[in-house]
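1. Quick one: sequence and predicted model below, then my questions.
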Amino acid sequence: MERTLVIAKPDALQRKLIGEIISRFERKGLKLIGLKMMAISDALIAEHYAHHADKPFFENLKKFMQSAPVVVMALEGLDAVESVRLVAGQTKSRVADMGTIRGDLAMSIQINLVHTSDSLENAKTEIARFFKEGELFAYQPSNLKLIYSPDELT
């Protein structure tokens, strides 16, 4: 099973969409293994968005991400990285497919409700960045056999 990270951004919290966002991932069949609300420090922003640090929009991104708490979650499932990105929709929300979080609920490129890991390697790095040891939980969902076929679980 893969693990991946989702950050529900300040706009999701301010617009009272946290429950809707979590629900969409759970309805897809992804397992929530970690969840917390937090403020993002300057150091954490610099580390997480290092690939954007030299871009003109970085300061606005930093202000936005620190404008309210975020909700970080770790999700688990088969092909979790790809599945989460499918549920989230394209980064540019205005053109994201209807039925996705961004396609249904957002209009912006930056103010687009969620950050999702874009690769398995980045997911591992990002989960370690936001969750300490002991903050992720391993458990067997009672409905696992209703989400995956037995062949997929071997």
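-> Looks like it came in fine.
2. Give me the phi and psi angles of Val114.
-> phi -140, psi 150 (degrees, to the nearest 10).
3. wait, doesn't it sit right on Ala12?
-> Yes - using Cβ atoms under 8 Å, Val114 makes contact with Ala12 at a distance of 6.7 Å. Using the backbone N, CA and C atoms, a C-beta is placed for each residue, glycine as well.
4. Overlap in contacts, these two.
-> Applying Cβ atoms under 8 Å, 6 or more residues apart in numbering, one finds that Val114 and Ala12 are jointly contacted by Ile21.
5. who has more neighbours, those two?
-> Between Val114 and Ala12, counted using other Cβ atoms under 10 Å, the more crowded position is Val114 (29 against 26).
6. and Lys16, that one's in a helix?
-> No - using DSSP: H, G, I helix; E, B strand; the rest coil, the assignment for Lys16 is coil, not a helix.
7. Next one: it relative to Leu75, how far apart?
-> Counting by Cβ to Cβ, to the nearest Å, the separation of Lys16 from Leu75 is 21 Å.
8. what about those two, which has more around it?
-> A count of neighbours by other Cβ under 10 Å puts Leu75 above the other of Lys16 and Leu75, at 28 against 8.
9. and the more buried one, helix, strand or coil?
-> Using three-state DSSP as the criterion, the local structure at Leu75 reads strand.
10. Just the strands from this structure, written as ranges.
-> 2-8, 31-38, 70-77, 114-116 (DSSP state E).
11. Among those strands, which comes closest to Phe25?
-> Closest approach to Phe25 among these (Cβ to Cβ): strand 70-77, 5.7 Å.
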